[in-house]
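>>> Below is the sequence, then the predicted model.
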Amino acid sequence: MAKVHTVCQGECLSSIARQYGFKDWTVLHDDPANVELKKRRPNPNVLYPSDPVAIPEPKPLTAQRPTGDWHEFTVEREQVRLKVQLLGLDGKALAKQDYELTVDGQTRPGTTDDSGLLDEPVDVTNKTALLKVTVPAGDETRELTWQLNIGSLDPVTMTSGMQARLAHLQYYTGAIDGNFGPLTRGAVMAFQQRAGFDATGVPDEATLNELQKQHDEVT
């Protein structure tokens, strides 16, 4: 009988699959026991805390090798990548922008592509990263630093997940606290107006779907 894993904050199918010894998240996502989960959470990178994930029994592989010698076996593992698009205050991409990304105590320099995209491999167990960018500021330069919480984004249907996506798209400047107050409502209205919807401030299904779409396209 399959085990059931209860999702905690910050977990995704990739991290859960690694925890139970599977090479990638598709083993869990495509398992028949998770058909209802797949319908509710089609994006494997975004799960609700307390979501149940069925963990199938592992299927051991066998290999025949002669005794009296050393044999090497290679285990495949999923490569997770951190992708962030850097935009200036004018909304334009910071193309060919040098940066420093610190993950697990190691700092790596890099340069964004023509669309301002940072694309770096990370381990599925990494939860935080530090990003530093030095940008022109008139005749001087300014160093910008961001603490990135990897895997901490809540689903868009939760107020905290909606706030985070609005913040990433520069519509929301308040705290990611899950409280739907005037600042959050104003951000929703601004997004709706830019997206061509009626600016009601109500995060209906069409608004949330468009927010999810635009956010995923950028980040």
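Done, it's in. Residues are numbered from 1 along each chain as shown.

>>> tell me what the strand or helix carrying residue 210 is packed against?
Element membership of residue 210, judged by DSSP states H and E, is helix 205-218. In terms of contacts (3 or more CB pairs under 8 Å, 6 or more residues apart in numbering; DSSP states H and E), helix 205-218 is packed against helix 159-168, helix 182-195. C-beta coordinates here come from the backbone N, C-alpha and C atoms, glycine included.

>>> buried stuff in the first one?
This means helix 159-168. Across helix 159-168, burial judged by 16 or more other CB atoms under 10 Å covers 159, 160, 161, 162, 163, 164, 165, 166, 168.

>>> Any idea which of the helices and strands packed on helix 205-218 gets closest to residue 32?
Within those, the stretch nearest residue 32 is helix 159-168; the backing value is 27.9 Å (CB to CB).

>>> got the domain boundaries for this structure?
3-55, 80-149, 159-218 (automatic domain parsing).

>>> and of these, who's closest to residue 74?
Across these (criterion: CB to CB), the nearest stretch is domain 3-55, sitting at 11.1 Å.

>>> Give me the distance between residue 92 and residue 86.
10 Å (CB to CB, to the nearest Å).

>>> next one: residue 73
Distance from residue 73 to residue 86, by CB to CB: 41 Å.

>>> Using CSV, list the CA coordinates for the helix holding residue 210.
Provided in CSV are the C-alpha atoms of helix 205-218 (Å, rounded to 0.1, in the frame of the first residue of the first chain):
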residue,chain,number,x,y,z
GLU,A,205,-11.0,33.1,-11.4
ALA,A,206,-10.2,35.0,-14.7
THR,A,207,-8.0,37.4,-12.8
LEU,A,208,-6.1,34.7,-10.9
ASN,A,209,-5.6,32.6,-14.1
GLU,A,210,-4.2,35.7,-15.9
LEU,A,211,-2.0,36.5,-12.9
GLN,A,212,-0.7,33.0,-12.9
LYS,A,213,0.0,33.1,-16.6
GLN,A,214,1.8,36.4,-16.6
HIS,A,215,3.9,35.4,-13.5
ASP,A,216,5.0,32.1,-15.0
GLU,A,217,5.9,33.7,-18.3
VAL,A,218,8.2,36.2,-16.5
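
>>> Fine by me, we can end here.
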